[in-house]
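**Q** sequence and predicted model, in that order:
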Amino acid sequence: MLAMNAPLDYFLHADGSASKPVLTLDWVFASIVVAVCIIVGVLLVMALFRQRAPETVLPREDDGLSWIVVGTTLSVFALLGMTVYMLATLEQISKPSRAPALTINVTARQWWWQVEYGADDPAKRFSTANEIHIPTGEPILIVLNSTDVIHTFWVPRLAGKTQAIPGLTNRQWIEADQPGIYWGQCTEYCGVQHAHMAFKVVAETPQDFDAWREAQAKPAALAEGGGRSVFMSQCSGCHAIRGTTAAGAYGPDLTHLQSRQLIAAGLMTNTQDHLSDWISRPQELKSGARMPNFDLPAGDKAALLSYLQTLR
Amino acid sequence: MAEAQAAQIGSIVPGSPEEKRLHEIWEAEPGWRGWLSTTDHKSIGLRYLFTAFFFLIAGGIEALIIRLQLARPNLSLVTPEQYAQLFTMHGLTMIFLYALPILSGFSNYLWPLVLGSRDMAFPRLNAFSYWIFIFAGAFLYASFPLGQAPNDGWFNYVPFSGPVYNVGPNIDVYALGMVLLGLSTTAGAVNFVVTFLRLRAPGMSIPRVPIMTWGTLAASFGNLFAVPAVSLAFFLLWLDRNFGTHFFDIAHDGKALLWQHLFWIFGHPWVYVIVLPAMGIVSMGLPTFCRRPLVGYMPVALSTVATMLLGFEVWVHHMFATGLPSLSLSFFGAASMIISIPSAVATFAWIATIWLGRPVFKVPFLFFAGFIILFVIGGVSGVMTAAVPLDLQLNDTYFVVAHLHYVLLGINVFPVVGGIYYWFPKFSGRMNSEKLGRLAFWIMFIGFNLGFFPMHIAGLLGMPRRIYTYPPNMGWDTVNMVTTAGSFLFALGVLVFVIDVFYSIYKGAKAPINPWDAPSLEWTTPSPPPPYNFAVIPFVGSRYPLWEGRLAEAEGRSRLDEGYLLMNGRETLGTTAMHAEPDAILKMPADSYFPLVASIFISALFVALLLHALIMAITTVALGLLSLVGWLWPRPVLRMEAAA
């Protein structure tokens, strides 16, 4: 079945209370419209090929008005019913049934997603990229912004789309019933690498989520050596690592880089080889991305990679 | 009083000296002079058709490259930037340079013939609107070969299209080109509205106008209200980009959403602008092959007007995902569902017409009947996208791409090709090849559905629009391969159609006056019609002047061979708006180079604005104004006279 592994499908799967009513609506509407197409198709074929009596009387222009009256009346009732159902569903998904347990700030950028978790204690705040962890069974509020152009935040199995518009703060709530990984993707054309602007929502049990959050809030483990100084001289202008002097805000925060499954907004899995490749030639892998190619001496490169491995 | 010179009533025999005189009065000069100066609506109409079809092929080739790029995952036939330019040029070509201009071609060619007039109300303005159209088309394409074509999709959202994120000339070309094209659209719309109100044959009261004219009339009114919004939006964007204004500049409190509102206040009515005249073509042609009048003329005409009016109430359905309050979403969602009611009227009218008629399966009829099911599929997928919660999933996926192609190809291209086959005898004086025509229909119909139906599935599987490639693990491989195959099959069908057209122009059988036994006035003129259309302006006594006596209802009698003799120079009859009572003899202008000259200078002004060439801009404005003076130079021969 070709649909079984389509991670962005929303027609066969809905995994939270913001998307489930829409899945039902989708199937009801799809059934009605397919039925309409079949009915009209059958009427059309019958009209074209039905047996006709020999012509005895002249045609009257006014014949057949009952077709329009009956057809339009049925359409009006169907459409009114569908409209009411649609509006009721809209009401159902526009707000969660209870106050969101958690607010996450998501900022869309050309071409990645900055994800920030707030806390009263500034030491507990942290920023990550392209991976949104949430606890299951709770409505979560996503506060959406953009620093550059318009993007659209979409996790189809959890909720519908919301544009991230610069100069405007939008909100979208999501909820996952079960632990799992839910794919997300930008859907508004936002520049050459619009195609490579994916992210993941990782839903975990509240215990697992708390543990993850605890770990993310910690600064990076202390690691000395050549790799760290390569990072500070080459990478820290754009990337931050909490607990070090690297505080660049232009690219993703790399404090816990190794806890993420993917790099470059979903382009590649996070392996040592892919990281190495990404540092050397991002402009070939994702042309136009803001990260330049780094042609580092082999020693520096190896040191940098082993430093990055410490960012767990 | 002018009664002394008032028009006389009489008839003109073919081959008589009077007819020769009419020829001399109306014929364009031979050679290139006449070609550049003619104001004959038939020449202008055919030029519109050819030019717009050329753009259809250009946009189609762009689409085929896109389809090759998407045929398999992770292909790199084109770069991401080339891909962006391709899908932008494909969209703007099809929507702006093909879809409306081709319908303007039909209306320009056919209106005077179906209304019983000798030309459009403003023949020079008509020539002007064509020249501006082709220059605007060339302008929009000028930066394509340089690799600097518009690259933000046809709806061109800010701030990506603004000066910060898009530094090349790409978007300036789009902005200025669209303002220029807006001049053509507006001039054309004014011409249609006035022609409809004033140039109908005597006796053709409002309930008797041919059904197709309602579509173009509604669309023309729509244009007059919709085009200013987009011209303004593009002008403001151009100011932002070139003079540092802040309409859309977020850093200085400009608003990104302002663009979306202005664009879609235009954009959604435009959808109806490019389908209502095409639906009019079907309502006009389909009954001919059913051997009976259209069922429900009045409901269909009213539903056409209602669709256009409602079309101004639904633009926010393109913006459901922008974070607007749900009350606003509810209103626009409900309106977007209700707008399908008038379409239901038309659908049942067409089916009833076939049901009660005696269908003759000629090539145009195949396209018109095939259109009905495509119309329904495109319509009901629109109902799905009107449902707000559902649209929040469907929006910006391939489901919307599928929907809009069923609308634009199903409701525009199929009626257009059917219409070209239907009026081909009039256009060319030849009959098309039934064999090639049937082949073209079946290849196009199968290729279209094979290509575009799977896009619905791709959308439901979450494939976003405007991605230049996709990884192999997304579940989209098969649907994309099928879509690519279908699109090439569809292109083959179009090719067969083009071959048929060129073959038939040269080798087709000579067409009689009324080969389809159709009921409307254009089928009383020779194929092709003479420059003056009608030797005498006919009297119209019923809705179907050529089918009188064939219907059970008693209707008035038309007089087709006897009517107003208007031969003191270029003249046609002006009639009153409601009842089409003779009102004035309209003196029509002579052919003129000035529409072309004015268009050249106005277009050159836009080139100057693009290049920031101040002296060139001032010069072109001055020369443009001078050419308008020449255009409008008073001539005593154009003094109007009251009719008898």
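**A** On my side now, so go ahead.

**Q** residue A:115: what secondary structure?
**A** For residue A:115, the secondary-structure state derived from DSSP: H, G, I helix; E, B strand; the rest coil is strand.

**Q** run a quick neighbour tally on it.
**A** 22 (other Cβ atoms under 10 Å in any protein chain shown). For glycine as for every other residue, the C-beta is placed from the backbone atoms N, C-alpha and C.

**Q** tell me which residues touch it, please.
**A** Residues near residue A:115 by Cβ atoms under 8 Å, 6 or more residues apart in numbering or on different chains: A:104, A:105, A:106, A:127, A:128, A:129, A:130, A:131, A:132, A:199.

**Q** then residue B:621?
**A** B:601, B:605.

**Q** that older thread, and of the contacts of residue A:115, the nearest to residue B:339?
**A** residue A:106 (34.5 Å; Cβ to Cβ).

**Q** so what's the closest one bridging to?
**A** Applying DSSP bridges to residue A:106 gives these bridge partners: residue A:115, residue A:144.

**Q** pretty sure it sits against residue A:141.
**A** No: checked against Cβ atoms under 8 Å, the pair residue A:106 and residue A:141 is beyond contact range at 10.3 Å.

**Q** give me the more crowded residue out of those two.
**A** residue A:106 (22 against 17).

**Q** ok, the more buried one to chain B distance?
**A** According to Cβ to the nearest Cβ, to the nearest Å, residue A:106 stands 13 Å off from chain B.

**Q** could you report the neighbour count for residue B:29?
**A** 12.

**Q** part of a strand, is it?
**A** No: checked against three-state DSSP, residue B:29 lies outside a strand; its state is coil.

**Q** for it, what are its contacts?
**A** By Cβ under 8 Å, 6+ apart, the contact list for residue B:29 reads B:37, B:591.

**Q** pLDDT score assigned to the nearest residue to residue B:95 once chain neighbours are set aside?
**A** Of all residues not flanking residue B:95 in the chain, residue B:154 sits nearest, at 5.8 Å (Cβ to Cβ, 6 or more residues apart in numbering or on different chains). Looking at residue B:154, its pLDDT stands at 96.

**Q** for residue B:514, same thing?
**A** For residue B:514, the pLDDT comes out at 97.

**Q** residues of the stretch 101-250 of chain A that sit close to chain B?
**A** Taking Cβ under 8 Å from any Cβ of the partner chain as the measure of proximity, the stretch 101-250 of chain A contacts chain B at A:110, A:144, A:148-150, A:152, A:154, A:156, A:159-163, A:165-168, A:170-171, A:183, A:185-195.

**Q** make sure residue A:290 is indeed in a strand.
**A** No: counting by three-state DSSP, residue A:290 is not found in a strand; it is coil.

**Q** hang on, it packs against residue A:250?
**A** Yes: applying Cβ under 8 Å as the test, residue A:290 and residue A:250 come out as touching, 7.0 Å apart.

**Q** of the two, who's got more company?
**A** Taking neighbours as other Cβ under 10 Å, residue A:290 and residue A:250 compare with residue A:290 leading, 15 against 12.

**Q** check which helix or strand covers the residue nearest to residue B:95.
**A** Under the criterion of DSSP states H and E, residue B:154 resides outside all helices and strands.

**Q** what count of nearby residues applies to it?
**A** The burial count for residue B:154: 19, using other Cβ under 10 Å.

**Q** where do the helices sit along the stretch 451-600 of chain B?
**A** Under the criterion DSSP state H, counting those that start in this stretch, the stretch 451-600 of chain B contains helices at B:477-507, B:594-611.

**Q** could you export the ones you listed as CSV, including mean neighbour count, mean pLDDT and distance to chain A?
**A** Shown next, in CSV, are these (neighbours: other Cβ atoms under 10 Å in any protein chain shown; pLDDT from 0 to 100; distance: least, Cβ to the nearest Cβ, whole Å):
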stretch, mean neighbour count, mean pLDDT, distance to chain A
helix B:477-507, 18, 97, 5
helix B:594-611, 20, 97, 23
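
**Q** dump those into CSV; add distance to residue B:9 as well.
**A** Shown next, in CSV, are these (distance: least, Cβ to Cβ, whole Å):
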stretch, distance to residue B:9
helix B:477-507, 38
helix B:594-611, 33
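
**Q** gap between stretch B:487-495 and the chain center?
**A** Remark: stretch B:487-495 is offset 22 Å from the chain centroid, using Cα atoms, centre = their mean, to the nearest Å.

**Q** ditto for stretch B:20-39
**A** 26 Å.

**Q** what's the answer for stretch B:141-156, then?
**A** Offset of stretch B:141-156 from its chain centre (Cα atoms, centre = their mean): 22 Å.

**Q** what about it, how long is it end to end?
**A** For stretch B:141-156, the first-to-last residue distance is 16 Å (Cα to Cα, to the nearest Å).

**Q** so for that stretch, what gets flagged as buried?
**A** Residues of stretch B:141-156 classed as buried by neighbour count (16 or more other Cβ atoms under 10 Å in any protein chain shown): B:141-144, B:148-156.

**Q** could you do stretch A:302-311 as well?
**A** Using 16+ other Cβ under 10 Å as the test for burial, stretch A:302-311 gives A:303, A:304, A:305, A:307, A:308, A:310, A:311.

**Q** and those, which two are furthest apart?
**A** Farthest pair in the buried residues of stretch A:302-311, by Cβ to Cβ: A:303 and A:311, 13.8 Å.

**Q** and the residue of the stretch 251-400 of chain B nearest chain A?
**A** Here the stretch 251-400 of chain B gets closest to chain A at one residue, residue B:392, 2.6 Å apart by Cβ to the nearest Cβ.

**Q** and the helix or strand in which that residue is found, what does it pack onto?
**A** Following DSSP H and E, one finds residue B:392 within helix B:388-394. The contact analysis (3 or more Cβ pairs under 8 Å, 6 or more residues apart in numbering or on different chains; DSSP states H and E) places helix B:388-394 against helix A:20-49, helix A:65-94, helix B:326-338, helix B:363-386.
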